[in-house]
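Enquirer: Would you be able to build a 3D model of this:
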Amino acid sequence: MSEPEVIQAELKSLRDRPFELLAELERRGRAVSAQLNQEASAGREWVGVALRMAGDLYLVAREETREVLGMPSSTTRVPGAKSWVKGLANVRGQLLPIIDLRQFLGSGVTPITRNTRIVVVNHREIPAGLLVDEVLGFRRFAEGEFSGDAPPTVARCERYLAGAFRRAHEQWPVLSLRQVLESPSFAEAAA
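Expert: Residues are numbered from 1 along each chain as shown. Take a look at the predicted model:
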């Protein structure tokens, strides 16, 4: 009998004893979870959201990202705001300021295409949705692929970079959304 068949037979023998069945399922679940945690800590990995801005590829920490949205159907312009503040959007009953990240950085306006996305920043005090050219999904890197020095970028965001990951011939600068939102220039949104 194969291992999956043995497990199935053991669990079937407990079908008339629901409490013991639940206890056995919990024990097995905890054992698998402990094994996965052990494997993850042995080969620590970093997970980020990959995005494209001004032709360059960037990563943002998964913890700094609340969600990714498509372009809202409408935004309300904020009178007296700088041009990089695109407006306010109603997202599930909450007002979300929409910021053109490229324009904020001084590297041009983000063109609106079918790939344009809004990265909603996970920040306790400052709500913001950052307009980017494209979001490419999650990327995983081993901690050993990290380098503290970041390459120069087209979007001129070096002051907000927290290093880079390198894999083969690719460089993935890590953009700190927290640093962007907490910078003095971001707080000066009034024109």
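Enquirer: How is this protein partitioned into domains?
Expert: 3-42, 45-187 (automatic domain parsing).
Enquirer: and those, which one's lowest on average pLDDT?
Expert: Note on the domains of the chain: domain 3-42 shows the lowest mean pLDDT, a mean of 72.
Enquirer: winner for burial among the domains of the chain?
Expert: With neighbours defined by mean count of other C-beta atoms under 10 Å, none of the domains of the chain is more surrounded on average than domain 45-187, at a mean of 16. Using the backbone N, CA and C atoms, a C-beta is placed for each residue, glycine as well.
Enquirer: Make sure G48 is indeed in a strand.
Expert: Yes. The assignment for G48 is a strand, going by DSSP: H, G, I helix; E, B strand; the rest coil.
Enquirer: what sits against the closest residue to K82 other than its chain neighbours?
Expert: Nearest non-adjacent residue to K82, counting by C-beta to C-beta, 6 or more residues apart in numbering: A191, 5.1 Å away. By C-beta atoms under 8 Å, 6 or more residues apart in numbering, A191 lies in contact with G80, A81, K82, S83.
Enquirer: tell me the strands in this protein, going along the chain?
Expert: 45-53, 56-61, 65-69, 85-91, 94-100, 117-121, 129-132, 134-142, 146-147, 161-167, 170-175 (DSSP state E).
Enquirer: residue contacts, V120?
Expert: T65, R66, E67, V68, L69, V91, L96, A128, G129, L130.
Enquirer: is it in a bridge, and if so with what?
Expert: E67, G129 (DSSP bridges).
Enquirer: And it, how far from P127?
Expert: Distance from V120 to P127, counting by C-beta to C-beta, to the nearest Å: 8 Å.
Enquirer: overlap in contacts of these two?
Expert: What both V120 and P127 touch, as defined by C-beta under 8 Å, 6+ apart, is the set L96.
Enquirer: that older thread, for the contacts of A191, which one is nearest P184?
Expert: Within the contacts of A191, the smallest distance to P184 is 13.4 Å, found for K82 (C-beta to C-beta).
Enquirer: pretty sure Y160 is touching S183, no?
Expert: Yes. Using C-beta atoms under 8 Å, Y160 makes contact with S183 at a distance of 7.4 Å.
Enquirer: how about V109, what does it touch?
Expert: So V109 contacts D100, R102, Q103 (C-beta under 8 Å, 6+ apart).
Enquirer: rewinding a little: reformat the strands of the chain as JSON lines; add distance to A31.
Expert: JSON lines is the format used below for those (distance: least, C-beta to C-beta, whole Å):
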{"stretch": "strand 45-53", "distance to A31": "22"}
{"stretch": "strand 56-61", "distance to A31": "30"}
{"stretch": "strand 65-69", "distance to A31": "32"}
{"stretch": "strand 85-91", "distance to A31": "41"}
{"stretch": "strand 94-100", "distance to A31": "41"}
{"stretch": "strand 117-121", "distance to A31": "37"}
{"stretch": "strand 129-132", "distance to A31": "41"}
{"stretch": "strand 134-142", "distance to A31": "24"}
{"stretch": "strand 146-147", "distance to A31": "32"}
{"stretch": "strand 161-167", "distance to A31": "32"}
{"stretch": "strand 170-175", "distance to A31": "35"}
